[in-house]
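Novice: Prediction below, plus the sequence it came from.
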Amino acid sequence: DAKTTQPTSMDCAEGRAANLPCNHSTISGNEYVYWYRQIHSQGPQYIIHGLKNNETNEMASLIITEDRKSSTLILPHATLRDTAVYYCIVRVRNRDDKIIFGKGTRLHILP
Amino acid sequence: DTGVSQDPRHKITKRGQNVTFRCDPISEHNRLYWYRQTLGQGPEFLTYFQNEAQLEKSRLLSDRFSAERPKGSFSTLEIQRTEQGDSAMYLCASSWASRGSTEAFFGQGTRLTVV
């Protein structure tokens, strides 16, 4: 799986949009971008994934650049419950083996 | 079905003792994964099963570690002769392996402290 680079930590004011960047410059054509998050003392939680088109679900939006070398996870109206570590992962979909986690971005939502 | 469940949630043991953790996956999921997570790090892959077959083991899974999934449902992870370095959160996840598969769902983890 390709490696990703994320900032170690970020702050965001409550109610504002949180934009979490991820670089994946070595991504292959058949690799998807996945985002998971981990709230303190809980297991990781799937958020969203995409290949090349922008994606949106009830939790977040995923914006992938045209060259697919980077992406941004957007939490449109951050709440205190969004404080967590966010992991950006690239992997081949339908190859259902292990997920390789990096260190992620620790997002602090400030009241 | 309430998701992936792990038991116990917390375990404190003395160095040298054996411990066993249990994971109950989402009922229709045929893939089951074990991860270990230490403070400040992302989860590290240990091993995974498809049904009862153990398909891959990480180099992290020393000979003191053994995992089983005897009937393709729940799984156990045993650590023999525990060491202080085994202190970590042990996470279990499950998924349905097929084309267009669902994503992995994680349990709450078992936090092991070796004293």
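Specialist: Arrived safely, thanks for sending.
Novice: Would you confirm that B:Leu60 contacts B:Thr38?
Specialist: No - here B:Leu60 lies out of contact with B:Thr38, judged by CB atoms under 8 Å, at a distance of 10.9 Å. The C-beta positions use only the backbone N, C-alpha and C, and glycine is treated the same way.
Novice: measure the residue nearest the centre of chain B to B:Gln54 for me?
Specialist: Closest residue to the average C-alpha location of chain B: B:Trp34 at 3.2 Å, with CA atoms, centre = their mean. Applying CB to CB, to the nearest Å, the value for B:Trp34 to B:Gln54 is 10 Å.
Novice: if I look at those two, which residues touch both of them?
Specialist: B:Thr47, B:Tyr48, B:Ala67 (CB atoms under 8 Å, 6 or more residues apart in numbering or on different chains).
Novice: Check which helix or strand the first one maps to.
Specialist: Take DSSP states H and E as the rule and B:Thr47 turns out to sit in strand B:44-50.
Novice: Name the next helix or strand downstream of that strand, please.
Specialist: strand B:53-57.
Novice: pLDDT (mean, whole number) over the helix or strand following that next one?
Specialist: Counting by DSSP H and E, the element after strand B:53-57 in chain order, helix or strand, is strand B:65-68. On average, the pLDDT along strand B:65-68 is 96.
Novice: Please identify the pairing partners of strand B:65-68 and their relative orientation?
Specialist: Sheet pairing of strand B:65-68 (DSSP bridges) gives strand B:75-79 (antiparallel).
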